[in-house]
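Undergrad: this one's structure only:
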């Protein structure tokens, strides 16, 4: 039997999108910190930080698809890796990654419960 990947449910997509939107703000604030701490040119810092924040927002719009959740999961690792430039991002990245995994699991559980109720069982 082949298992076809199904699209995430509404609750899963909404919670995942909320985390990614919050992460976009986190990245912008981390970019402000990186600008003062880094020896990189200001334009390079803002290009990287702005691009990462924009990627978070674009991924938030893709969470209705399975690939969007996979890409969002990859983004969690990228955010932790930004601790190379802003050490506080190691801690914040891990906290947001934990929030990501917890809310995606919670959303999936809520979607399964709703599907069970709608099917009459």
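TA: Noted; the coordinates are in hand. Given the structure is predicted, the values throughout are model-derived calculations rather than measurements. Numbers count the residues shown, from 1 in each chain.

Undergrad: could you give the separation of the helix ranked longest in the chain from the chain centroid?
TA: The residue-count maximum for a helix in the chain (DSSP state H) belongs to helix 88-118. Here helix 88-118 is found 10 Å from its chain centre; the criterion is C-alpha atoms, centre = their mean, to the nearest Å.

Undergrad: what packs against that helix?
TA: Here helix 88-118 touches helix 10-37, helix 66-81, going by 3 or more C-beta pairs under 8 Å, 6 or more residues apart in numbering; DSSP states H and E. All C-beta spots, glycine's among them, are computed from the backbone N, C-alpha and C.

Undergrad: who wins for proximity to residue 113 among these?
TA: helix 10-37 (9.2 Å; C-beta to C-beta).

Undergrad: list the buried residues in the closest one.
TA: Neighbour-count burial for helix 10-37 flags 11-17, 19-21, 23-24, 26-27, 30-31, 33-35 (criterion: 16 or more other C-beta atoms under 10 Å).

Undergrad: what about residue 44, how many residues nearby?
TA: By other C-beta atoms under 10 Å, the residues close to residue 44 number 12.

Undergrad: likewise for the one 3 residues further on?
TA: The tally of other residues near residue 47 (other C-beta under 10 Å) stands at 13.

Undergrad: next one: residue 49
TA: By the criterion of other C-beta under 10 Å, residue 49 has 22 neighbours.

Undergrad: what's near enough to touch the closest residue to it other than its chain neighbours?
TA: In space, and not counting its chain neighbours, residue 49 is closest to residue 31: 2.8 Å by C-beta to C-beta, 6 or more residues apart in numbering. For residue 31, the contact set (C-beta atoms under 8 Å, 6 or more residues apart in numbering) comprises 45-46, 48-50, 53.
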